[in-house]
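# The following block contains a protein sequence and its predicted model.
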Amino acid sequence: MSKKPQIAVAPERPRCTVTPAEVARGARARQPTKNFSGLFRGKSPSLKNERMVHWESLLERDAILLFEFSPGITGFREQPPSFWYFHSGRMRRYTADFEVTFRGGCTKLIEVKPWEKLQNPEEQKRLEIIRLQLLSQGAQLLILDDRQIRRKPLSENLKQLNSNRTPRLSSEEAQAYLRCLSQIEDLTFGNAKKLLGERAIWQLLDLGEIELDLLQVISEDTPISTKNEELPNATIYF
């Protein structure tokens, strides 16, 4: 078994922290609802936004991973500004679950709903009215259900990526690891893991220094490629 190369590692650094909630977004349209029996509320750290992001269901929590790790998304926020729409004879208030900003600057509102609830005809009608009224105002609404958010193996790969991302590598560490990877003729997940260890591979992937197909099951034979400076990764995982 070949020995791992000696890599110059930067001095011990403090773990990554997040900034206050006011950073990287405007005020929420409303405060997160309180916990009730059988319901889950919480918040997750977002390195992309440099703050904690609130969620109001486990499905929203899992959707955050799609936004956080899609290279084609530059930022996102929960509870964006509300708007009023007309339905069933009166004005009603609607607040999307999230607003995401894509590479290039365009934004979309995101509604997160279990697929089973979306089969209700009344809910379908309500969301279609909202979608059309938003479209008339120049805004786009995208509905994500649990089949999209939790599709495998992507969901497992994103959770693995999330669990290995901190503390983040310094630029010096990342470049040292990349020089080691450049020595591998057949750059696969298994060969890279033997050289650097599995955690370093996930950390390089999180930094965008390497790429692999997270839509597929990650095996020892999964190919790894280094990033293309001329073509930024605009992948969206939904």
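Noted; the coordinates are in hand.
# contacting residues around stretch 218-229?
Residues outside stretch 218-229 that contact it (CB atoms under 8 Å, 6 or more residues apart in numbering): 153, 157, 160, 178, 181-182, 187-190, 192-193, 201, 208-213, 216, 233. (Each C-beta comes from the backbone N, C-alpha and C, glycine too.)
# Would you mind listing which of those are buried?
157, 160, 178, 181, 187-190, 192-193, 201, 209-212 (16 or more other CB atoms under 10 Å).
# Closest one to Phe40 out of those residues, please.
Nearest to Phe40, judged by CB to CB, of those is Gln160 at 21.8 Å.
# Could you pull up phi and psi at that closest one?
Here is the backbone geometry of Gln160 (degrees, to the nearest 10): phi -70, psi -40.
# what pLDDT does the residue nearest the centre of the chain get?
Taking CA atoms, centre = their mean, the centroid of the chain lies closest to Glu68, which sits 2.2 Å from it. Glu68 is assigned 98 on the pLDDT scale.
# swap in Pro71?
pLDDT, read off for Pro71, is 95.
# and what of Asn228?
73.
# what does Lys43 give?
So, for Lys43, pLDDT stands at 96.
# got the phi/psi numbers for it?
Torsion angles, degrees, to the nearest 10, at Lys43: phi -150, psi 150.
# tell me the contacts of it?
Contacts of Lys43 by CB under 8 Å, 6+ apart are Met52, Val53, His54, Trp55.
# Just name the closest of those residues to Arg168, please.
Met52 (16.9 Å).
# So the residue nearest to the centre of the chain: helix, strand or coil?
helix (DSSP: H, G, I helix; E, B strand; the rest coil).
# wait, doesn't it sit right on Glu50?
No: Glu68 is beyond contact range of Glu50, at 11.7 Å (criterion: CB atoms under 8 Å).
# Mind naming the longest helix for this structure?
Assignment by DSSP state H gives helix 121-136 as the longest helix of the chain.
# Determine how far the next helix or strand after that one lies from the middle of the whole chain.
Tracing the chain past helix 121-136, the next element assigned as helix or strand by DSSP states H and E is strand 141-144. On the basis of CA atoms, centre = their mean, to the nearest Å, strand 141-144 is displaced by 15 Å from the centre of the chain it belongs to.
# swap in stretch 190-202?
Centre to centre, stretch against its chain (CA atoms, centre = their mean), the figure for stretch 190-202 is 23 Å.
# and the residue located most distally from the centre of the chain, what pLDDT?
Most distant from the centre of the chain: Gly89, at 38.2 Å, with distances by CA atoms, centre = their mean. Gly89 is assigned a predicted lDDT (pLDDT) of 90.
# Thanks a lot, catch you later.
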